[in-house]
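Asker: No letters, just coordinates:
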């Protein structure tokens, strides 16, 4: 099963779209977390909604982390494809693939941490006030 996923990740083409996925997932998670919290706190009360808010943000966080981890895994497998050694400064297809994979991997790591930091307030605060 893992070998099939690894081969599938190697076959995917790295492009600028792959580079955009992790920060977009983080931005959508950020937007969902704060808008959902604002709406739920405005509709109900200060204490009643906090359990629902925590549940919703937990589910959104898990989904976002899985998407970013999958994107990072694809980038990691594509950065391990054989080719020239670093630095990737030539204008070849392999160098572009390596550069995009390395950049996507770094953005996936940054987005992973950003998603965790976005979810922290839901678990620190006791009520909506």
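Answerer: Looks like it came in fine. In this text, all values refer to a predicted model and were calculated from it rather than measured experimentally. Numbering: from 1, shown residues only.

Asker: Who are the packing partners of the helix or strand in which residue 72 is found?
Answerer: Following DSSP states H and E, one finds residue 72 within helix 50-79. Applying 3 or more Cβ pairs under 8 Å, 6 or more residues apart in numbering; DSSP states H and E, one finds that helix 50-79 contacts helix 2-11, helix 16-43, helix 93-124. The C-beta positions use only the backbone N, C-alpha and C, and glycine is treated the same way.

Asker: Averaged pLDDT, that helix. What do you get?
Answerer: In this model, helix 50-79 carries a mean pLDDT of 90.

Asker: That one to helix 16-43, inter-axis angle?
Answerer: 180 degrees (axes from the mean of the first three to the mean of the last three Cα atoms, to 10 degrees).

Asker: ok, residue 50 to residue 110 distance?
Answerer: 29 Å (Cβ to Cβ, to the nearest Å).

Asker: Among these two, which residue is more densely surrounded?
Answerer: residue 50 (20 against 14; other Cβ atoms under 10 Å).

Asker: Same question for the helix holding residue 72: list its buried residues.
Answerer: Residues of helix 50-79 classed as buried by neighbour count (16 or more other Cβ atoms under 10 Å): 50, 53, 56-57, 60-61, 64-65, 67-68, 70-72, 74-79.

Asker: And for stretch 17-24?
Answerer: Buried-residue list, stretch 17-24, by 16+ other Cβ under 10 Å: 18-19, 21-22.
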